[in-house]
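Asks: Here is the input, now give the coordinates:
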Amino acid sequence: MKRKLWLVFTVSILLTTFSATVFAASFPDVEDAKWSWAKSIVEEMSSKGYISGYPDGTFGPSLPVTKLQSLILMARILGVNDDENKNYVELAQKNYSDDLQLYSISNKKEVSYLLYKNIITVNELDTYISPENENLALKRYEAAVLFTKAMGKEKEVKSKLITILPYSDVTAIPSSAKPYVEFVKDEGIMQGMTETQFGPMEDVNRAQMAVMLYRVLTKNEEIGETSTGKVTSKDIANNTLKIKDIIDVERTYEINNTTIIKVDGETANLADIQIGTEVLLTWKSEQLYMVEGVSAQEKEDETQVQETVEGIITGISAGGNIRSISLSIQENGQTIGRSYSLDKDVSVLYNDVISSLNNITVQDYATLVIKNNIVTRIEVQSKNVEVHGTVQNIMLGSVDKLEIKLDNGTLKEFEVLDDAEVIKNNSSLNITGIVVGDPVYLMLEYNKIKKVTVSAVSSITSGNIEEIIISNTPSIKIKNGNDEAKYYITGDTIIKIDDVVKEIYDLRLGYPVELVVNGNAVNEIKVKSEAQVTTLSGTVTLINSSYNLLNISVTDTDTGKITTQQIFIGNDTKIIRNSDSKALSLSDIKIGDAIAAVRTKKAGVFEASTIVVVTE
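Replies: Have a look, this model is predicted:
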């Protein structure tokens, strides 16, 4: 039985209940009423890192999505960047490196993963990523095919004998795509451009793509689940596997003719799965959709990685029978020159693009992966590289580091050189002048930050305080109407209440404020004097849905006296759960729940602006 949390909450406790919440700032070009249907989803998908805006802070909702971009976005919602898929992503890159070698795109990881997931085939690569096609706009009928595959329903769709579509332009839909269009229509993923027309040859724009990706992501979460374990036995005659899970419970699973099997990143069958193989099982609509396994041999190969070394390239010999590479490396505070032999099939990644030994030059920076004293992989970065992204974390210490979310959606950590230059709004600062959320251009020298240029612009905004987080990276979230935005508070932020300088601890939820912001950082917070906040915390004793009110028992912390307080719920009252910040309604609150209610003081009854249902 779940224990209830019996605590009397103060405002200071309430301030920390949202520390796991992350929201993306609004994009100004989706504020227009014409994009109201997409605005909240665009912001949510952006906050989760699936889709991003442009360096100037806009989203570009009307711009078309290219074929290559559609693959990158599809890979993200299918988990290409998720930790649990890391091994399978690496296997996909390894197994499809030859197929992608002729293509110059920089997002081969995502394309490899889609090949591995059977979303696209090798024969379709030219259609999506050839130089003449990669920048073409994705058509709506093409999106229907991709979304159907992303939901694991292609075999089911292709087996249908009859397709019925209610659109007057049905003849414009390619015959092969019609069953896919019917599927996404029935599933609510895509609808017609009008009530009577699907618009198969219309370009998919960025706003539409964000909404459709969100729907697929939500559907996959509803109909799919995964589990892991180790194969203990198999019965090929009866098409079954016995798998023991992480708590040593053994179960038998039937492999049907639609189940996809992958072993070491390659398409396989039941006979290829060896006893002892670690597997990931994926279900879709209660059917076993996919079995993914990494064989013991592959695991053994992984354990043979003896070391990874990095340094500046001082020489390379790529011809003849003996091939080698020489590095200048730092070891125990000293600079040492070393040479390493190259495997005959050594793979080369140059500035994150598959390349060859012939493109490597002296003074490039290299990371070598060495197995059995032989270099099997070389990852090379040019001496000077410029990248753009958004600051996700700032790590100050003996060696300062920045964690950056690059424009392609990947997270990367960079060391900051001692003499690095920091420019923000044309002023020179040190690293402490940068805040989480700042858009930045980085000049890298040997993969370390030589120069940081922050591209933030000052502006004034206002609203009511919706959330305050006091942590290593304190922040404030304000709400103005239906719009919410999160800003970071720095050591230089000035906080004034009635023109008196105060601290973050003096702020209260519900305060109406005016902010001077610079990008995602707050320069100054001004609070109006008439703003006062009342907080009530206690246990629900009565719920009246007809009058939208609650009664709670409240314990006075000084006297121990228990009183009953009445709380009214208005149209704008926000009800959430503290454990996951999930939006709730009055019907989700139960007798006995511990809650904390906040309001901006008004005459008369207590009408809550925010109610937090407290869970352990």
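
Asks: Can you classify residue 311 as helix, strand or coil?
Replies: Assigned by DSSP: H, G, I helix; E, B strand; the rest coil, the conformation of residue 311 is strand.

Asks: Would you agree it is in contact with residue 366?
Replies: Yes: if you go by Cβ atoms under 8 Å, residue 311 and residue 366 touch, sitting 6.8 Å apart. Backbone N, C-alpha and C define where each C-beta goes, glycine included.

Asks: list residues touching both of those two?
Replies: Taking Cβ atoms under 8 Å, 6 or more residues apart in numbering as the criterion, residue 311 and residue 366 both touch residue 327.

Asks: neighbour-wise, which of those two wins?
Replies: Neighbour totals were compared for residue 311 and residue 366, and residue 366 leads with 25 against 20 (other Cβ atoms under 10 Å).

Asks: Are there helices or strands packed against whichever strand or helix holds the more buried one, and which ones?
Replies: Assigned by DSSP states H and E, residue 366 belongs to strand 365-371. The contact analysis (3 or more Cβ pairs under 8 Å, 6 or more residues apart in numbering; DSSP states H and E) places strand 365-371 against strand 305-317, strand 324-331, strand 334-350, strand 374-381.

Asks: Which parts of this protein are helices?
Replies: Taking DSSP state H, the helices of the chain run over residues 11-14, 36-47, 67-77, 86-95, 97-100, 108-116, 125-129, 140-150, 154-158, 178-186, 206-223, 296-303.

Asks: between those helices, which gets nearest to residue 417?
Replies: Closest to residue 417 of the helices of the chain is helix 108-116 (Cβ to Cβ; 28.0 Å).

Asks: Run the angle between the strand holding residue 366 and strand 324-331 for me.
Replies: If you take axes from the mean of the first three to the mean of the last three Cα atoms, to 10 degrees, strand 365-371 sits at 100 degrees to strand 324-331.

Asks: what's strand 365-371 in contact with?
Replies: For strand 365-371, the surrounding residues in contact (Cβ under 8 Å, 6+ apart) are 301, 304-313, 325, 327, 340, 343, 360, 375-383, 446-447.

Asks: what do you get if the cut-off is 7 Å, keeping everything else the same?
Replies: Strand 365-371 has contacts (Cβ atoms under 7 Å, 6 or more residues apart in numbering) with 304-313, 327, 340, 375-381, 383, 446-447.

Asks: From these, list the buried ones, please.
Replies: Neighbour counting by 16 or more other Cβ atoms under 10 Å classes 311-313, 327, 340, 375-381, 446-447 among the contacts of strand 365-371 as buried.

Asks: what's around residue 492, how many residues?
Replies: So residue 492, with other Cβ under 10 Å, has 14 neighbours.

Asks: Find the residue closest to it in space, skipping its chain neighbours.
Replies: Sequence neighbours aside, residue 523 is the residue nearest to residue 492 in space, at 7.3 Å (criterion: Cβ to Cβ, 6 or more residues apart in numbering).

Asks: Just give me the neighbour total for the one you found.
Replies: Neighbours of residue 523 (other Cβ under 10 Å): 16.

Asks: list the contacts for it?
Replies: Applying Cβ under 7 Å, 6+ apart, the residues near residue 523 are 458, 493, 516, 517.

Asks: Output these as CSV; include the columns neighbour count.
Replies: Formatted as CSV, the contacts of residue 523 follow (neighbours: other Cβ atoms under 10 Å):
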residue, neighbour count
458, 11
493, 21
516, 16
517, 22
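
Asks: which of those sit farthest apart?
Replies: Pairwise distances across the contacts of residue 523 (Cβ to Cβ) peak at 13.2 Å, for the pair 458 and 493.

Asks: For the stretch 1-150 of the chain, which residues score under the pLDDT cut-off?
Replies: Scanning the stretch 1-150 of the chain with the threshold set as pLDDT under 70 gives 1-25.

Asks: sorry, back to before: from the contacts of residue 523, which ones fall inside strands?
Replies: If you go by DSSP state E, the contacts of residue 523 have 458, 493, 516, 517 in strands.

Asks: The first one bridge partners, please.
Replies: It stands for residue 458. residue 518 (DSSP bridges).

Asks: Please tell me how far it sits from residue 511.
Replies: Using Cβ to Cβ, to the nearest Å, residue 458 is found at 22 Å from residue 511.

Asks: what does the last one give?
Replies: Separation of residue 517 from residue 511 (Cβ to Cβ) stands at 16 Å.

Asks: For stretch 274-290, C-alpha coordinates in CSV please.
Replies: The C-alpha trace of stretch 274-290 is given here as CSV (Å, rounded to 0.1, in the frame of the first residue of the first chain):
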residue,chain,number,x,y,z
GLN,A,274,22.7,-18.1,-29.6
ILE,A,275,22.1,-19.2,-26.0
GLY,A,276,23.4,-16.5,-23.7
THR,A,277,22.7,-13.6,-26.1
GLU,A,278,21.5,-10.4,-24.4
VAL,A,279,18.3,-9.2,-26.1
LEU,A,280,16.0,-6.2,-26.2
LEU,A,281,12.3,-7.1,-26.9
THR,A,282,10.0,-4.5,-28.3
TRP,A,283,6.2,-4.9,-28.4
LYS,A,284,3.7,-3.0,-30.6
SER,A,285,0.0,-3.4,-29.8
GLU,A,286,0.8,-6.5,-27.6
GLN,A,287,2.6,-8.2,-30.5
LEU,A,288,6.3,-9.0,-30.3
TYR,A,289,7.6,-6.6,-33.0
MET,A,290,11.3,-6.8,-32.7
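
Asks: Distance from it to the middle of the chain?
Replies: With Cα atoms, centre = their mean, to the nearest Å as the basis, stretch 274-290 stands 24 Å off its chain's centre.

Asks: Tell me how many other residues crowd residue 278.
Replies: Neighbour count of residue 278, defined by other Cβ under 10 Å: 17.

Asks: How about the one 3 residues further on?
Replies: The burial metric for residue 281, expressed as a neighbour count using other Cβ under 10 Å, is 21.

Asks: per-residue confidence for it?
Replies: Listed pLDDT for residue 281 reads 89.

Asks: what residues are up against it?
Replies: Residue 281 sits next to 226, 227, 253, 288, 291 when contact means Cβ under 7 Å, 6+ apart.

Asks: let's see it at 10 Å
Replies: 225-229, 241, 243, 245, 251, 253, 259, 288-293 (Cβ atoms under 10 Å, 6 or more residues apart in numbering).

Asks: and the gap between it and residue 254?
Replies: In terms of Cβ to Cβ, residue 281 sits 12 Å off from residue 254.

Asks: any residues in contact with both of these two?
Replies: 241, 288.

Asks: Surely residue 225 and residue 290 touch.
Replies: No: using Cβ atoms under 10 Å, residue 225 makes no contact with residue 290, being 11.8 Å away.

Asks: returning to what we had before: JSON lines for the helices of the chain, including mean neighbour count and distance to residue 167?
Replies: Output for the helices of the chain, formatted as JSON lines (neighbours: other Cβ atoms under 10 Å; distance: least, Cβ to Cβ, whole Å):
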{"stretch": "helix 11-14", "mean neighbour count": "17", "distance to residue 167": "51"}
{"stretch": "helix 36-47", "mean neighbour count": "18", "distance to residue 167": "20"}
{"stretch": "helix 67-77", "mean neighbour count": "22", "distance to residue 167": "22"}
{"stretch": "helix 86-95", "mean neighbour count": "19", "distance to residue 167": "36"}
{"stretch": "helix 97-100", "mean neighbour count": "15", "distance to residue 167": "36"}
{"stretch": "helix 108-116", "mean neighbour count": "24", "distance to residue 167": "28"}
{"stretch": "helix 125-129", "mean neighbour count": "18", "distance to residue 167": "24"}
{"stretch": "helix 140-150", "mean neighbour count": "24", "distance to residue 167": "11"}
{"stretch": "helix 154-158", "mean neighbour count": "16", "distance to residue 167": "17"}
{"stretch": "helix 178-186", "mean neighbour count": "21", "distance to residue 167": "8"}
{"stretch": "helix 206-223", "mean neighbour count": "19", "distance to residue 167": "17"}
{"stretch": "helix 296-303", "mean neighbour count": "12", "distance to residue 167": "48"}
